[in-house]
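>>> Here's a sequence, model it:
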Amino acid sequence: MSFLNKISIISKNVILLSVVAIGFFAITFISYKSMNTIKNRLDIVYFGNIIPATNLITISDMYSYNILNTIHQYQNSTLDANSAKIKILDAKEVIYNSWGEYTALYQTAKEKEISDYASEKIKISIETVDTLIYLLESDNKAKIEEIAKNELYLNIEPVVDIIDKLTAYEFSLAAHEKIIANDTYANTIKMLFLTLFIVFFLTAIIFFFIVTNIHQNDARLKELNAKLTSISITDPLTQVYNRRYFDIIFLRELQRVKRKKETLCFAMIDIDFFKLYNDNYGHQAGDEALKEVSKNLKSNLKRPSDYLFRLGGEEFAILISDVDEDGAKEFFENTKSSIKKLQIKHEKNPQGIVTISMGVVLLHPASECDNETIIKKADDLLYVAKKAGRDMVVFENL
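Below is the predicted model of the structure:
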């Protein structure tokens with residue numbers, strides 16, 4: 001993986017983490033702001049409307065039940081003057097306190113105008129109540145009945161009417177604030193889902209690019225590894241397997257054929273009079289000849305288990321398995337003949353063309369020979385072929 005690719009992946013990871021962090025920050029911020037707004041709205045509903053409405057209901061109850069009902073009980077003689085006086089005094093105090101709490105809350109100019117009007121009416125009604133309290137001290141029923149009939153009901157009725165209207169108004173405001181709170185909640189849910197979707201979408205895109213980049217880099221890495229492996233086991237000139245890979249494959253194949261009780265055929269190959277070829281035609285021509293010979297040798301190998309190696313200089317090796325003696329002899333004779341058919345000019349060779357010599361060993365399953373013995377034997381047979389005049393295959397069973 002290149003340095004630029006590393007930087008690319010790191011950058012994308014940083015962007016991914018940034019998007020996630022910003023997304024969660026946005027979610028937290030939206031949640032905080034919206035929930036705070038909802039809380040404020042609910043506070044308005046509770047402290048700005050419900051509590052004031054409760055105060056107003058209390059005032060209305062004090063007028064209707066604790067004052068008017070008390071006077072009615074007194075007139076019917078079901079309540080004595082002193083008890084009636086105490087109940088009315090208590091109601092008067094509650095009215096003052098509740099109305100004071102109500103008017104102390106934030107009010108608009110219009111609300112202030114209405115509350116001032118109501119305050120005046122309450123003041124008038126309380127003056128009448130004070131008169132009744134005074135009369136209750138003297139237990140003057142006739143005068144109390146007269147005041148109640150001519151003043152009390154007339155003064156309390158408009159107060160109760162205003163109080164009831166204000167109560168309805170406060171509840172309507174509470175309902176309105178509740179709608180706003182519900183809308184804010186619904187919008188918050190939508191914003192949270194939208195933000196989560198955007199974060200998920202962006203994260204998925206960035207993640208896709210990161211994974212794609214990793215896969216691409218992995219593919220490039222595998223390709224480079226394959227190239228490095230190929231380079232490490234391939235002869236750079238002829239593009240056939242080199243001596244290093246021969247050392248690995250020969251031992252592996254030897255163990256395999258012994259395990260499976262198959263035959264193994266190994267050939268040492270040498271291009272005849274190749275030093276003279278180089279001296280006569282030059283090393284560049286010699287390299288071209290090596291390429292042609294190796295290409296032709298490789299073309300004779302048809303199975304995946306057949307191997308061709310360049311061991312060094314003009315020396316090659318072929319390794320084939322699971323073949324009988326006749327098949328092996330025919331294969332290597334044909335291979336030798338295929339080189340002659342190339343008709344590569346070689347003036348220093350008595351035949352006038354490039355030829356090869358081979359020392360071939362056929363290892364049978366019962367043989368106990370090790371790799372070094374096999375290689376030495378094939379090399380000895382190659383030497384015999386050269387001494388015998390070259391352009392021949394010397395074959396032996398082990």
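>>> got the contact list for residue 374?
Residues near residue 374 by CB atoms under 8 Å, 6 or more residues apart in numbering: 254, 264, 266, 361, 363, 398. Every residue, glycine included, has its C-beta placed from N, CA and C.
>>> nearest to residue 18, of those?
Proximity of the contacts of residue 374 to residue 18 (CB to CB) peaks at residue 254, which lies at 59.0 Å.
>>> so is residue 150 in a helix, a strand, or just coil?
Following DSSP: H, G, I helix; E, B strand; the rest coil, the label given to residue 150 is helix.
>>> distance of the residue located most distally from the centre of the chain from residue 154?
Distance from the centre of the chain peaks at residue 142, with 89.4 Å (CA atoms, centre = their mean). Plainly put, residue 142 is 19 Å away from residue 154 if you go by CB to CB, to the nearest Å.
>>> Residue 174: how many residues sit nearby?
For residue 174, the neighbour count with other CB atoms under 10 Å is 18.
>>> Tell me the secondary structure of it, please.
Relying on three-state DSSP, one would call residue 174 helix.
>>> can you pull out the helices in this protein?
3-43, 51-61, 69-75, 81-104, 109-137, 141-147, 153-233, 243-260, 274-281, 283-299, 325-341, 371-387 (DSSP state H).
>>> Pull out the buried positions in the last one.
In other words, helix 371-387. Buried residues in helix 371-387, counted by 16 or more other CB atoms under 10 Å: 374, 375, 377, 378, 379, 381, 382, 385, 386.
>>> Show me where the stretch 101-250 of the chain dips below the pLDDT cut-off.
Within the stretch 101-250 of the chain, the stretches with pLDDT under 70 are 106-107, 224-230.
>>> at 50 instead, please
Along the stretch 101-250 of the chain, no part satisfies pLDDT under 50.
>>> got the domain boundaries for this protein?
3-206, 243-397 (automatic domain parsing).
>>> got a list of what the closest residue to residue 295 other than its chain neighbours touches?
Leaving aside its chain neighbours, residue 295 sits nearest to residue 238 (7.7 Å; criterion: CB to CB, 6 or more residues apart in numbering). Counting by CB under 8 Å, 6+ apart, residue 238 touches 290, 291, 294, 295, 310.
>>> so which of the buried residues of helix 371-387 would you say is closest to residue 341?
The closest of the buried residues of helix 371-387 to residue 341 turns out to be residue 385 (CB to CB; 19.2 Å).
>>> Give me the buried stretch members for stretch 84-96, please.
Across stretch 84-96, burial judged by 16+ other CB under 10 Å covers 84, 85, 87, 88, 91, 92, 94, 95.
>>> again with stretch 342-352
Buried residues in stretch 342-352, defined by neighbour count with 16+ other CB under 10 Å: 344, 346, 349.
>>> burial measure for the nearest residue to the second one once chain neighbours are set aside, as a count.
Right, residue 346. Spatially, and ignoring its direct neighbours in sequence, residue 346 is nearest to residue 354 (4.7 Å; CB to CB, 6+ apart). Residue 354 sits with 25 neighbouring residues when counted by other CB under 10 Å.
>>> got a pLDDT number for residue 354?
Confidence at residue 354, expressed as pLDDT, is 95.
>>> contacting residues for it?
By CB under 8 Å, 6+ apart, the contact list for residue 354 reads 271, 272, 277, 289, 293, 339, 340, 342, 344, 345, 346.
>>> coming back round to it: go through the helices of the chain and pick out the most buried.
Burial of the helices of the chain is given as mean neighbour count (mean count of other CB atoms under 10 Å); helix 51-61 ranks first at a mean of 21.
>>> Dump that helix to PDB, keeping only the CA atoms.
Taking C-alpha atoms only, helix 51-61 is exported to PDB below (Å, rounded to 0.1, in the frame of the first residue of the first chain):
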ATOM      1  CA  ILE A  51     -51.800  27.900  38.400                       C
ATOM      2  CA  PRO A  52     -53.500  31.300  37.600                       C
ATOM      3  CA  ALA A  53     -56.600  29.400  36.500                       C
ATOM      4  CA  THR A  54     -56.500  27.500  39.900                       C
ATOM      5  CA  ASN A  55     -56.300  30.900  41.700                       C
ATOM      6  CA  LEU A  56     -59.200  32.200  39.700                       C
ATOM      7  CA  ILE A  57     -61.300  29.000  40.500                       C
ATOM      8  CA  THR A  58     -60.400  29.400  44.200                       C
ATOM      9  CA  ILE A  59     -61.600  33.000  44.100                       C
ATOM     10  CA  SER A  60     -64.900  32.000  42.400                       C
ATOM     11  CA  ASP A  61     -65.400  29.200  44.900                       C
END
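>>> That helix - contacts with which helices or strands?
Judged by 3 or more CB pairs under 8 Å, 6 or more residues apart in numbering; DSSP states H and E, the packing partners of helix 51-61 are helix 81-104, helix 153-233.
>>> what packs against the longest one?
Right, the one you point to is helix 153-233. Counting by 3+ CB pairs under 8 Å, 6+ apart, helix 153-233 packs on helix 3-43, helix 51-61, helix 109-137, helix 243-260.
>>> Repeat that for the shortest one.
Using 3+ CB pairs under 8 Å, 6+ apart as the contact criterion, the elements in contact with helix 81-104 are helix 51-61, helix 69-75, helix 109-137.
>>> what's it in contact with?
So helix 81-104 is contacted by 51-52, 55-56, 58-59, 62-63, 66-67, 70-71, 73-74, 79, 115, 118-119, 122, 126, 129-130, 132-133, 136-137, 139 (CB under 8 Å, 6+ apart).
>>> circling back to that earlier point, from the contacts of residue 374, list just the buried residues.
For the contacts of residue 374, a burial check counting by 16+ other CB under 10 Å picks out 254, 264, 266, 361, 363, 398.
>>> among those, which are in strands?
Applying DSSP state E to the buried ones among the contacts of residue 374, the entries found in strands are 264, 266, 361, 363.
>>> Adding pLDDT and distance to residue 246, write these out as CSV.
Formatted as CSV, these follow (pLDDT from 0 to 100; distance: CB to CB, whole Å):
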residue, pLDDT, distance to residue 246
264, 92, 14
266, 95, 10
361, 95, 15
363, 90, 16
